[in-house]
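Student: All I have is the shape, not the residue letters:
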């Protein structure tokens, strides 16, 4: 995922799909610790990696959600609605240094 660029959606609503971890061919596809987390926009579906402090305050994707597999639009809406019902949709206030 090198050279990733954050999405430009406003307000930004994101979910962490892989918190402080990575899994790549270089490591034999074994989960490894990383300073970076994979983040997915709930509007456009774009995924990027970030180690910005705001990521620590974002919700983690539900167990079993295949966020890195490329969720379709209805799945993103369903997850966004679930988070709003849970009272966890204060994403718009987070600002990344890469935005």
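Tutor: Received it, and whenever you're ready, just let me know what you need. Just so it is clear, the model here is predicted, and its values are computed rather than measured.
Student: Residue 51 touches residue 22, doesn't it?
Tutor: No - at 11.5 Å, residue 51 does not count as touching residue 22 under the criterion of Cβ atoms under 8 Å. Yep, even glycine has a C-beta here, placed from its N, CA and C like the rest.
Student: shared neighbours, the two?
Tutor: residue 36 (Cβ atoms under 8 Å, 6 or more residues apart in numbering).
Student: Who has more neighbours out of those two?
Tutor: Comparing residue 51 with residue 22 by other Cβ atoms under 10 Å, the one with more neighbours is residue 22, at 18 against 12.
Student: Run through the strands of this structure in chain order.
Tutor: 14-18, 21-22, 32-33, 37-41, 47-50 (DSSP state E).
Student: so which of those is the most packed in?
Tutor: Highest mean neighbour count of the strands of the chain: strand 37-41, a mean of 23 (counted as mean count of other Cβ atoms under 10 Å).
Student: the inter-axis angle of that strand versus strand 14-18?
Tutor: Using axes from the mean of the first three to the mean of the last three Cα atoms, to 10 degrees, the direction of strand 37-41 lies 140 degrees away from that of strand 14-18.
Student: if we can go back for a sec, need the strands of the chain in JSON lines (columns: distance to residue 56).
Tutor: Supplementary listing: these in JSON lines, determined by distance: least, Cβ to Cβ, whole Å:
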{"stretch": "strand 14-18", "distance to residue 56": "9"}
{"stretch": "strand 21-22", "distance to residue 56": "14"}
{"stretch": "strand 32-33", "distance to residue 56": "15"}
{"stretch": "strand 37-41", "distance to residue 56": "8"}
{"stretch": "strand 47-50", "distance to residue 56": "11"}
